[in-house]
Each structure stands twice: as C-alpha cells, then as structure tokens.
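# attaching a predicted model along with its sequence, questions to come.
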Amino acid sequence: MLFRCGAAGVFFGVSLGFLKGSLSGYASAEPPVLSETALLETARTIGLGREGYIYSVQWGLWRVGRATLGATEIVRHNGRESYHIISSANSLPYVDTFYRVRDRNESWLDTETFLSLGFGKYLREGRFYRHEIVLYDHEDARFSATVRKRDGQIILENGFMKAKAYDV
C-alpha cells in the first residue's frame, strides 16, 4: 500500500503501531525495554514489508523536492529473507539549477531476527558525493564496508562489531 501523508501522520501512525504492538498494558512512567519478540511484533503490526510513504519537501512556502520512505517488498539478501527498506530524496528541477539532491538509502532487515543485514547510502547533494555499502555478518560478529568518494577513491574497511547489533 502506498500512502501520501505528512511527517506528523507517519510519526502518529508508526507510534500507534508501536504502542499497539509493544506497550499494551504498560502503566509505569518508565520507558519500556523492548525484547527481540516485541521488535518483531512491532514490525509486523506497522506493516513492514508492505508500505510506502511519499512526502513533499518544503522550504518555507516553496515546494523544493520529494522524499519517499518504504518497505514495500521482501527480498533475499546475503542468503536471508529480508525487508528491503528504501528512502530517497530528490530536489525538483528548478531547485536542481542551484542545489541538486539525489539521495537514496537502503537497508535490509532479517525477517526472522529483525537484525540488520546491511545498508547502502548513495548521496549526491550539491557538490557532495558519497556511496557507502556496509554488510554485517552476525554469526562471526564482523562487518565489511566499501566507500566511494567523489574523486573516485575507494576505501575498504573490515572489522569486528558487537554480536547481534540492531543497526540500520
């Protein structure tokens, strides 16, 4: 399903789904500690894997761009079923003449464990350019990252990470 709404509508809708899925019966003033089960229930309650949102980007009274956010499909990523979450932001043609924006962010969340399998950032904002891909191996508690800068320089990095990190 694709909905057209403002940021307040998304926050309100996500908050209601979150509350329904994980806070029912919670009466204390203390913030809840979410378990893995609660995170999975919350994802299913808010419709992860089936929704998308379209935003109009405004600067004062002027409409200057369009942004999207969605998790409209389940895909295989690194051999695992995952929610494919994509956000994008694009400036409108008249704004492109002085500050062009073409941003795309992708993330893959395992459908069973809700662990992040990786993310990609493809950013072009004015003269700024950056492509970054990070993949997580939760079994071995390792990550690998590839960054490509505007000048074509490619940086590769591998390392250790906290096991079962919830990072998007």
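Noted; the coordinates are in hand.
# what distance do you get for the closest residue to R66 other than its chain neighbours to R100?
Counting by Cβ to Cβ, 6 or more residues apart in numbering, N90 is the residue found nearest to R66 once chain neighbours are left out, at 5.5 Å. Any C-beta I mention is one placed from the backbone N, CA and C, and that applies to glycine too. To R100, N90 is 9 Å away according to Cβ to Cβ, to the nearest Å.
# ok, the two, which is more surrounded?
Between N90 and R100, counted using other Cβ atoms under 10 Å, N90 has the larger neighbour count: 18 against 14.
# may I see the buried residues of the helix or strand hosting the more buried one?
Assigned by DSSP states H and E, N90 belongs to strand 80-91. In terms of neighbour count (16 or more other Cβ atoms under 10 Å), strand 80-91 has its buried residues at R80, S82, Y83, H84, I85, I86, S87, S88, A89, N90, S91.
# is the residue nearest to R66 in a bridge, and if so with what?
Bridge pairing for N90 (DSSP bridges) gives the partners R66, R102.
# now it: how far from R142?
34 Å.
# equivalent analysis for L123, please.
Plainly put, L123 is 25 Å away from R142 if you go by Cβ to Cβ.
# one more: R148?
Look at R148 and R142: by Cβ to Cβ, they are 21 Å apart.
# kindly report the same for S82.
With distances taken as Cβ to Cβ, S82 is found 18 Å from R142.
# just checking, H84 touches N105?
No: contact criterion Cβ atoms under 8 Å: H84 and N105 do not qualify, at 11.5 Å.
# now the helix or strand in which R124 is found: buried residues?
R124 belongs to strand 116-125 when assigned by DSSP H and E. Residues S116, L117, G118, F119, G120, K121, Y122, R124 are the ones in strand 116-125 that count as buried (16+ other Cβ under 10 Å).
# cool, and stretch 51-64?
Using 16+ other Cβ under 10 Å as the test for burial, stretch 51-64 gives E51, G52, Y53, Y55, V57.
# quick one: residues contacting the residue nearest to V101 when sequence neighbours are not counted.
Excluding the flanking residues, the one nearest V101 by Cβ to Cβ, 6+ apart is S91, at 4.1 Å. Contacts for S91 (Cβ atoms under 8 Å, 6 or more residues apart in numbering) come out as V57, V64, G65, Y99, R100, V101, R102.
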